[in-house]
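Asks: Here's my sequence, what's the structure:
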Amino acid sequence: MPSPATASPRPLGGRLVPLIPAIVASILPVFLVGALAGPMGDDLGYGEATTGLLMAAFFAMSALVAQRAGTVADAVGPVTSLQIGLAGSGLAAGMVATLGRSVPLLAVAMMLGGASNALTQVAANVYVARHLPIERHGVAFAVKQSANPGGALVAGLVLPVLVVHVGWRSAFVLAATGAAVSAVALVPARSWEPLAPPRRGHRPQGAGPARHAPRLADPALWLLAAAAACGSASAVALGGFFVESARDAGMSLATAGLAASLGSGLAIAGRVVVGTMADRRASSPEAVLRWVAAMLAVGALALLSFGLRVPTAHWIALAPAFGAGWAWPGAFNLAVVRARPGSPGRATGVSQTGIYVGTTAGPLILGPLSEHAGYGLTWAAAAVMALLGAAGIAMVRLGGEPGAMAPGHGDLAAAGPSAPASTDRPLAPGAVPASQPGSMLRRLMG
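Replies: Here you go, the predicted model:
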């Protein structure tokens, strides 16, 4: 009789469902700041450039915290890390709703939200790696990463449904409540055991060897992070500037919000389709990264179309911009985890650092451009960033670098059922998990 940890069909559905609202809640505050730039700016007296700075503050803190967050998530367990991150996200949204009466206070709330988001996002990667079957990681990462455009979708929906009638602060009250509910929904997951890793024969073809700790000695991973920075700098424009760009082109606020929600739905569909393909083909990390590069290239062409200042151009380019140009992060994380299966938290901590550097730089560049030069130049700059990201990602090779461990040594995907993996269950006094050599202090400090 199968154990609860390995029984199916529960793992993919029952274990993934609690993760989705958690990721939406962690990213929602920054998407609300972008989608509500008009009413918030009118109320507090700032423009698009300040909106860009606020979004940059959020992602800058995410970039600073991401790598260390990966170490924490690997050490203390993904569910505990998720709940801590959600507590910070709820506090950040509550600060905006109740205390956000000046730009400096908004900036403090965004920095808190950014740090919390980094922990939540990386912990979610570890959650998928440990609690979902490896042969379903493609669709699992697709669904997990779909929560990010899900945040943009929610932000777009609250414009015509809630904000227009109640006021912009009500959206942040909703975000704070959602974070609290999501943290509570994860409580049952604290007692779940990680799924036993599959046999070597089930390992995706071409998955690379694991590393002890992907740091500066893993140049391919850092080069991939740099390329992802360019891609994410362009993608942040869709979540942060599309609504105001559509308004500037002649759409009403409610229509622009609904268009953004439709685009976010297309991004979700694109991620799920690509993830499903990766599972069915057991694609190697390099093959998945080639798909990522192609999606960014298609998205770049669509971003150029947004530069035409008519509503029709926004509607026509909506599907390729969101459905391809913002559909790549799930496949990106899948490639990183398949290439470094022994330490998913640390590996995605490095790659997420690049993504957050891009989402920090994007608003800093695109915000002032949109305010002072117009949205035509803004979308052209975003398209160039996407093309740079596509070129860089297409050239990176994650497997076979010097220093890789031999298969069978620390490779979680190829290990047997006894492979160590930390859970969120409390340990016996004085016990140290096999996957955590040294003390917690050494983990966090070094």
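Asks: F306: how many residues sit nearby?
Replies: By other Cβ atoms under 10 Å, 27 other residues sit near F306. C-betas here are computed from N, CA, C, even on glycine.
Asks: pLDDT value on the nearest residue to it once chain neighbours are set aside, please?
Replies: Closest residue in space to F306, ignoring its immediate chain neighbours: W379 at 4.3 Å, by Cβ to Cβ, 6 or more residues apart in numbering. Looking at W379, its pLDDT stands at 91.
Asks: now L12
Replies: Taken from the predicted model, the pLDDT recorded for L12 is 59.
Asks: ok, now I316?
Replies: So I316 comes in at 90 (pLDDT).
Asks: and G325, backbone torsions?
Replies: Main-chain torsions, G325, degrees, to the nearest 10: phi -70, psi -20.
Asks: Other residues contacting stretch 378-392?
Replies: 223-224, 226-235, 237, 241, 245, 292-294, 296-297, 299-301, 303-307, 325, 358, 362, 365-366, 369-370 (Cβ atoms under 8 Å, 6 or more residues apart in numbering).
Asks: Likewise for stretch 309-325?
Replies: Contacts of stretch 309-325 (Cβ under 8 Å, 6+ apart): 149, 234-235, 238, 242, 245-246, 248-251, 259, 262-264, 266-267, 269-270, 294-296, 298-303, 305-307, 374-376, 386.
Asks: and it, how far from the chain's centre?
Replies: Mean C-alpha position of stretch 309-325 versus that of the full chain (Cα atoms, centre = their mean, to the nearest Å) differs by 22 Å.
Asks: repeat for stretch 29-45
Replies: Worked out by Cα atoms, centre = their mean, stretch 29-45 lies 22 Å from the chain centre.
Asks: Then stretch 92-109?
Replies: Here stretch 92-109 is found 23 Å from its chain centre; the criterion is Cα atoms, centre = their mean.
Asks: again, but for stretch 41-53
Replies: Chain-centre distance of stretch 41-53: 25 Å, with Cα atoms, centre = their mean.
Asks: Buried ones in that stretch, by neighbour count?
Replies: Going by neighbour count (16 or more other Cβ atoms under 10 Å), the buried part of stretch 41-53 is 41, 46-53.
Asks: Give the burial count for V187, as a bare number.
Replies: 11.
Asks: for W168, what are its contacts?
Replies: 36, 39-40, 43.
Asks: which residue sits closest to A294, ignoring its sequence neighbours?
Replies: The shortest distance from A294 to any non-neighbouring residue, by Cβ to Cβ, 6+ apart, is to A390 (7.4 Å).
Asks: State the helix or strand in which that neighbour lies.
Replies: Per DSSP states H and E, A390 falls inside helix 375-395.
Asks: Number of residues surrounding the residue nearest to A294?
Replies: Residues near A390, counting by other Cβ under 10 Å, number 26.
Asks: Check the gap between it and L296 for me.
Replies: Look at A390 and L296: by Cβ to Cβ, to the nearest Å, they are 4 Å apart.
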